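1. Prediction below, plus the sequence it came from.
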Amino acid sequence: MIDIKLIRENPEKYKSACKNKNVFADIDRLLKIDGELREVKQKLQEIVTEKNAIGKSIPKLDDSEKKEALGKLAAIKDEESEFSEKVKVLEPEFNHLLMHVAQPADEDVPLGKDDTENIEIRKEGSVREFDFEPKDHMQLGLELDMIDMERGVKLAGARNYFLKGDGALLHWAVLRFAMDYMTEKGYVPMAVPLLMRDHAMRGTGYFPGAEEQTYQMERDELSLVGTSEVPVTAYYMNEILAGDQLPKKFVAMSSCFRREAGAAGKDTYGLYRIHQFDKVEQVIICENDNEQSDKFHQEILANSEGVLKALGLPYRVVNVCTGDLGRGQAKKFDIETWMPSRNAYCETHSASKFYDFQARRMNLRYKDPRTKKNVFCHTLNNTVIATPRVLIPIMELYQNADGSITVPQVLREYIGGKEIIK
RNA sequence: GGAGAGGUGGCCGAGCGGCUUAAGGCAACGGUUUGCUAAACCGUCGUACGGGAUAAACCCGUACCCCGGGUUCGAAUCCCGGCCUCUCCGCCA
């Protein structure tokens, strides 16, 4: 959410921010409603002030004065309800409009319409050249009995799967390695609830907007999260933290659920785009300071790169262009890992910087020890590892001519010391 | 799922229609005393929004005693709905 004061001061900035991000927000309408609402609220306040003053004097009045005062109050109350009705109409519209305004992208974010215009920052690692005909992860998964897509679909519909045997073990190995890697860096591990109320979904910026991507438990008014970013970032929602306790660094492992509505026919092959996966996610809550946000943005990016390097996977980092940024993100680095079967670098990580956009929505603040003021925190998050998507490059890049898969060194301790899957 | 009790400031806890501008205590902060620490004493001690003044401290108003409605001239207090917590019982991995 954007501070309405900033929008009043510079509406053009937010109009172009929305335009560049392909986010619709009616800022003219917002400002019009804002002006009306402010006027009505001020008038209402004046009316209530008078009402309170008269009401307070009533016990001290004699009968005839009291009668007169009550008559006056009746008129005032009519006026009061007239104005409070106006507030009741204007305020929800105001809030609704404000929720849609996008966070402007940083100046060094490339202007672009969609992910095809993201800018590569650097490439790391070298892409393996095969001296045999490589198999894709589905062939390998089938032959080594690691993946069973057919029965996943039979029982749960399209984009569902079973991982079996070494497939399941490799999946968990990746997650456990990522958890250990992050907790060693001092990130506090968390296991989190996955069914969230709307206020957490709104607070993180997913609602309004991503309802179609979300499995919703209508009967219980809960939503299945698409990422543990939601519970972790919203953990301190509506709280005031002590400034000297920041930054808070968390790492959570959870299942993630996505309807993938509107993606029909896209990435239908294999384990790339699926309804349910597991992810280790890192979240930082820090002070309201752009330099700190930048610093931690680099930190969470470096953490994820460290994991990929440890796994020996080639990847590239891209600066995500405006058109591919979410409403709340000021800047985002995606990490794309090389996937031989797709013959491309494909998104495996997404490091987002929000400034106070999320914190403002969820009323997450800290007390600044210097000024003693309560200020909104900054929040950031990034994938540490998401699997089974990352099993695609692991299985494909570590395959051998005989159809076996070499287990990456760092994962062996999590898979019973096994070096080769065959 | 059934029965009961309850949600008040950072925390504990009183208040149960106007005297609340929420008592009292704890914690915190500032000061006095002190060789230092502790203690004692004095003072300060919520948030948001609007208006005014300003270099700032500040002043005025409104709202907030879990949330949302209602009754009333007036609600922390009474009524209705919701959420949550605790105790007991039942069921259960």
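-> Structure received.
2. the longest helix in chain A is where?
-> When chain A is parsed with DSSP state H, its longest helix is helix A:63-99.
3. And RNA strand B, is that helix touching that?
-> Yes. Contact of helix A:63-99 with RNA strand B (C-beta under 7 Å from any atom of the strand) involves A:70, A:73, A:77. From N, CA and C alone the C-beta is placed, and that goes for glycine too.
4. Endpoints of stretch A:19-26, how far apart?
-> Taking C-alpha to C-alpha, to the nearest Å, stretch A:19-26 runs 11 Å from one end to the other.
5. go on, stretch A:142-149?
-> One end of stretch A:142-149 to the other measures 9 Å (C-alpha to C-alpha).
6. Can you list the buried residues in that stretch?
-> A:144, A:146-149 (16 or more other C-beta atoms under 10 Å).
7. any idea which of these is closest to RNA strand B?
-> A:Asp148 (24.5 Å; C-beta to the nearest atom of the strand).
8. Could you list the buried residues of the longest helix of chain A?
-> Of the residues in helix A:63-99, A:73, A:76, A:80, A:83, A:86-87, A:90, A:94, A:97-99 count as buried by neighbour count, 16+ other C-beta under 10 Å.
9. Adding pLDDT, write the residues you listed out as a markdown table.
-> As requested, the buried residues of helix A:63-99 are exported to a markdown table (pLDDT from 0 to 100):
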| residue | pLDDT |
| --- | --- |
| A:Leu73 | 84 |
| A:Ile76 | 87 |
| A:Glu80 | 87 |
| A:Phe83 | 88 |
| A:Lys86 | 88 |
| A:Val87 | 87 |
| A:Leu90 | 89 |
| A:Phe94 | 92 |
| A:Leu97 | 93 |
| A:Leu98 | 93 |
| A:Met99 | 92 |
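10. Which of these sits closest to RNA strand B?
-> Looking across the buried residues of helix A:63-99 and measuring by C-beta to the nearest atom of the strand, the closest to RNA strand B is A:Leu73, at 4.6 Å.
11. So the closest one is in contact with A:Asn52, correct?
-> No. Under the criterion of C-beta atoms under 8 Å, A:Leu73 makes no contact with A:Asn52, lying 10.5 Å away.
12. quick one: average pLDDT of stretch A:43-61?
-> In this model, stretch A:43-61 has an average pLDDT of 83.
13. Flag every residue of the stretch 301-422 of chain A that's near RNA strand B.
-> Residues of the stretch 301-422 of chain A lying close to RNA strand B by C-beta under 7 Å from any atom of the strand are A:372-374.
14. Quick one, which of those residues are buried?
-> Among those, not one is classed as buried by 16+ other C-beta under 10 Å.
15. Among these, which lie within strands?
-> In strands, judged by DSSP state E, the following of these are found: A:Asn374.
16. Quick check, the residue in the stretch 301-422 of chain A closest to RNA strand B?
-> The nearest approach of the stretch 301-422 of chain A to RNA strand B comes at A:Asn374, 4.1 Å away (C-beta to the nearest atom of the strand).
17. mind listing what that residue touches?
-> For A:Asn374, the contacting residues are A:240, A:365-368, by C-beta atoms under 8 Å, 6 or more residues apart in numbering.
18. Show me what the nearest residue to it once chain neighbours are set aside bridges to in the sheet.
-> By the measure of C-beta to C-beta, 6 or more residues apart in numbering, the closest residue to A:Asn374 outside its immediate chain neighbours is A:Arg365, 4.6 Å from it. Using DSSP bridges, the bridge partners assigned to A:Arg365 are A:Ile240, A:Phe376.
19. OK, contacts around A:Arg365?
-> A:239-241, A:359, A:374-377.
20. quick one: which of those residues has the most company?
-> For the contacts of A:Arg365, counting by other C-beta atoms under 10 Å, the largest number of neighbours falls to A:Cys377: 28 neighbours.
21. Dihedrals phi and psi, the nearest residue to that residue once chain neighbours are set aside?
-> In space, and not counting its chain neighbours, A:Cys377 is closest to A:Ala359: 4.3 Å by C-beta to C-beta, 6+ apart. With angles defined as degrees, to the nearest 10, A:Ala359 sits at phi -60, psi -40.
22. Just to check, A:Ala359 is in contact with A:His378?
-> Yes. Between A:Ala359 and A:His378 there is a contact at 6.7 Å, judged by C-beta under 8 Å.
23. Need the contact partners of the helix or strand containing A:Tyr14.
-> Element membership of A:Tyr14, judged by DSSP states H and E, is helix A:11-21. For helix A:11-21, contacts defined as C-beta under 8 Å, 6+ apart pick out A:2, A:6-7, A:23-25, A:27-28, A:31, A:101-105, A:111, A:322-323, A:325-327.
24. got the contact list for the residue at the greatest distance from the centre of chain A?
-> Here chain A reaches farthest from its C-alpha mean at A:Ser64, the gap being 63.5 Å by C-alpha atoms, centre = their mean. If you count contacts by C-beta under 8 Å, 6+ apart, A:Ser64 has none.
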